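In: I'll drop the sequence and a predicted model, then ask my questions.
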Amino acid sequence: MSSTNSTETTANGVEVKAIGHNPYGANPSDFLSNVSNYQLIESTLREGEQFANAFFTTEKKIEIAKALDDFGVDYIELTSPAASEQSRADCEAICKLGLKAKILTHIRCHMDDARLAVETGVDGVDVVIGTSQFLREYSHGKDMSYITKSAVEVIEFVKSHGIEIRFSSEDSFRSDLVDLLNIYRTVDKIGVNRVGIADTVGCANPRQVYELVRTLKSVVSCDIECHFHNDTGCAIANSYTALEAGARLIDVSVLGIGERNGITSLGGLMARMIAADRDYTMGKYKVNKLRDLENLVASAVEINIPFNNPITGFCAFTHKAGIHAKAILANPSTYEILKPEDFGLTRYIHFANRLTGWNAIKSRVDQLNLHLTDDQVKDVTNKIKKLGDVRALNIDDVDSIIRDYHADVNSPRLGPSEPEAKKAKLQ
Ligand SMILES: CC(=O)SCCNC(=O)CCNC(=O)[C@H](O)C(C)(C)COP(=O)(O)OP(=O)(O)OC[C@H]1O[C@@H](n2cnc3c(N)ncnc32)[C@H](O)[C@@H]1OP(=O)(O)O
Ligand SMILES: O=C(O)CCC(=O)C(=O)O
Ligand SMILES: [Zn+2]
């Protein structure tokens, strides 16, 4: 586990100490944890292609695959070659790029799909089949003994081609636990590289994830991969908990795009993992490329980056309330668990509003290269707040109030003094 024993530079250019101990990291007493030893299976070009808006041309797939590779993901998962002739050709084309990341394709548990997959040149095949009652009854209609038999056949076939193989149960969290453990144990014995757990409908919570991964860990010797949908907003938390329980690989996609509202987002998981173990994550992945990667995918699928996106949302490093602004100016670690500079970004103090405080306004006065005493800054802050009570402010409003005030106190306007004016009114 790492700590954050570094220094940081405040907005005023002062070097301050970051917090020494990291309370957000892996629990050192938990030897199951892979929080400091995890891998990413990047599925923008598979799960992401299932996003409602997605249509990737071959050129766009190649551009995205290269950008993901440059970012440093461990695996890139591609749509099944059985999906369409172009999907098959694109898979072959990406395999030929010679990327550092291993290339996977994702298939049904069926020999026809497996035969196509091994011909594409992929490094590995991710095979999946639904094991819940819902999917056994309404999707493929097969019972557990048929599923097990075909899984063994597909796995042995793929392995015989010297290609990595992962077996995953779709809808794992609504499947019978005994069925699950039985099939995982069987495929582990015949030598799969990984088994996968999939929260296909996004129903799982972190406690359930911890229990299932931990139980599975005691049954199989291969690595465990996890795939979490975000229907109930738990995808990132579930991913992190899975790693704590001993899973090694997490499926992600850029901006979380996928079926319905998608899966664990690459950027969101990076945020969580940097908070947990900055050294491991920053040492492995080029997180300063995240913004470009997200922009590339956002424009390809014609969406905007959400305002509250971890790291790259427009206000992810914006501090507004006076109490926050004062402390941030003194030491950014007070209200930031992530450092904007790690991602090529900058923090911003939003001072043009009625929640501002004199410390934030003083910093603006300094930026404007004006000189006011602390009492004067407090006085001008009250004027800003007064106008902020009437309407929304912008920076120009605040700057004008500050400049007028500064001009007033430095060269008082000509005309009667206040007591003289009062006297004149009474006459
Ligand atoms: C949860 C997930 O995201 S899993 C990944 C989803 N990915 C995809 O679906 C890839 C894109 N899909 C496709 O292009 C098409 O669905 C194809 C080519 C795979 C299949 O197309 P079709 O043969 O026309 O079948 P269709 O899509 O209507 O129905 C799915 C078929 O797969 C079968 N099936 C579903 N899941 C599985 C599975 N995991 N393993 C084996 N067979 C399966 C169903 O029984 C059904 O077969 P049937 O209707 O011929 O009996
Ligand atoms: O292959 C897997 O593990 C996951 C498949 C999938 O996309 C899902 O179940 O949601
Ligand atoms: Zn999925």
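Out: Structure's in. What do you need? Ligands and ions are numbered 1, 2, ... in the order given.
In: All the strands of the stretch 151-300 of the chain, residue numbers only.
Out: Here the stretch 151-300 of the chain has its strands, by DSSP state E, counting those that start in this stretch, at 164-170, 194-199, 223-228, 249-252.
In: Quick check: residues of the chain near ligand 1?
Out: Residues of the chain lying close to ligand 1 by CB under 6 Å from any ligand atom are 50, 80, 82-83, 108-110, 128-130, 139-140, 170, 200, 259. (Glycine included, C-beta is placed from N, CA and C.)
In: coming back round to it: and the strands of the stretch 151-300 of the chain, which is most packed in?
Out: strand 249-252 (a mean of 27; mean count of other CB atoms under 10 Å).
In: Got phi/psi on the nearest residue to residue 45 once chain neighbours are set aside?
Out: Ranked by CB to CB, 6 or more residues apart in numbering and with sequence neighbours excluded, the top spatial neighbour of residue 45 is residue 78, at 5.1 Å. Main-chain dihedrals, residue 78, degrees, to the nearest 10: phi -120, psi 150.
In: Please shift the residue numbers so they start at 2 in all later answers.
Out: Renumbered: residue one is now 2, and that last one reads residue 79.
In: Give me every residue in the stretch 52-201 of the chain lying close to ligand 2.
Out: 107, 127, 129, 169, 171, 197, 199, 201.
In: Helix, strand, or coil at the third one?
Out: Following DSSP: H, G, I helix; E, B strand; the rest coil, the label given to residue 129 is strand.
In: show me the contacts for it.
Out: Residues in contact with residue 129 (CB atoms under 8 Å, 6 or more residues apart in numbering) are 107, 108, 109, 110, 168, 169, 170, 171, 197, 199.
In: Could you do the second one as well?
Out: Counting by CB under 8 Å, 6+ apart, residue 127 touches 42, 78, 105, 106, 107, 108, 167, 169, 197.
In: same deal with residue 135?
Out: 172, 175.
In: Over to residue 57?
Out: With CB under 8 Å, 6+ apart, residue 57 has these contacts: 46, 50, 65, 301.
In: one step back: can you redo the contacts of residue 129 as JSON lines with pLDDT?
Out: Output for the contacts of residue 129, formatted as JSON lines (pLDDT from 0 to 100):
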{"residue": "107", "pLDDT": "98"}
{"residue": "108", "pLDDT": "98"}
{"residue": "109", "pLDDT": "98"}
{"residue": "110", "pLDDT": "98"}
{"residue": "168", "pLDDT": "98"}
{"residue": "169", "pLDDT": "98"}
{"residue": "170", "pLDDT": "97"}
{"residue": "171", "pLDDT": "98"}
{"residue": "197", "pLDDT": "98"}
{"residue": "199", "pLDDT": "98"}
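In: quick one: residue 303 and residue 54 touch, right?
Out: Yes. Counting by CB atoms under 8 Å, residue 303 sits close enough to residue 54 to count as a contact (5.6 Å).
In: what residues are up against the spatially most central residue of the chain?
Out: Taking CA atoms, centre = their mean, the centroid of the chain lies closest to residue 269, which sits 1.4 Å from it. Residue 269 makes contact with 236, 237, 257, 310, 311, according to CB under 8 Å, 6+ apart.
In: domain parsing for this structure?
Out: Listed by automatic domain parsing, the domain ranges of the chain are 37-301, 319-411.
In: Pick the most deeply packed of those.
Out: domain 37-301 (a mean of 20).
In: Now do it: distance from first to last residue.
Out: 32 Å (CA to CA, to the nearest Å).
In: Now do it: distance to the chain's middle.
Out: 16 Å (CA atoms, centre = their mean, to the nearest Å).
In: Would you map the helices across the stretch 102-251 of the chain?
Out: 112-119, 134-139, 145-161, 178-190, 207-218, 236-245 (DSSP state H, counting those that start in this stretch).
In: which residues does the nearest residue to residue 165 once chain neighbours are set aside contact?
Out: With CB to CB, 6+ apart as the criterion, residue 165 has its nearest non-adjacent residue at 3.1 Å, and that residue is residue 125. Taking CB under 8 Å, 6+ apart, we find residue 125 in contact with 76, 103, 104, 105, 164, 165, 166, 167, 194.
In: which among those residues gets closest to residue 401?
Out: Checking these against residue 401 by CB to CB gives residue 76 as the nearest, at 54.8 Å.
In: List the contacts of the spatially closest residue to that closest one that is not a sequence neighbour.
Out: Spatial nearest neighbour of residue 76, chain neighbours left out: residue 42 (4.4 Å); criterion: CB to CB, 6+ apart. Residue 42 makes contacts with 74, 75, 76, 78, 105, 127, 226, 250, 251, 252, 253, as judged by CB under 8 Å, 6+ apart.
In: The same query, at a cut-off of 10 Å, please.
Out: 48, 74-78, 102-103, 105, 107, 125, 127, 167, 195, 197, 226-228, 250-254 (CB atoms under 10 Å, 6 or more residues apart in numbering).
In: which stretches of the chain aren't confidently modelled?
Out: 2-15, 17-21, 29-30, 413-428 (pLDDT under 70).
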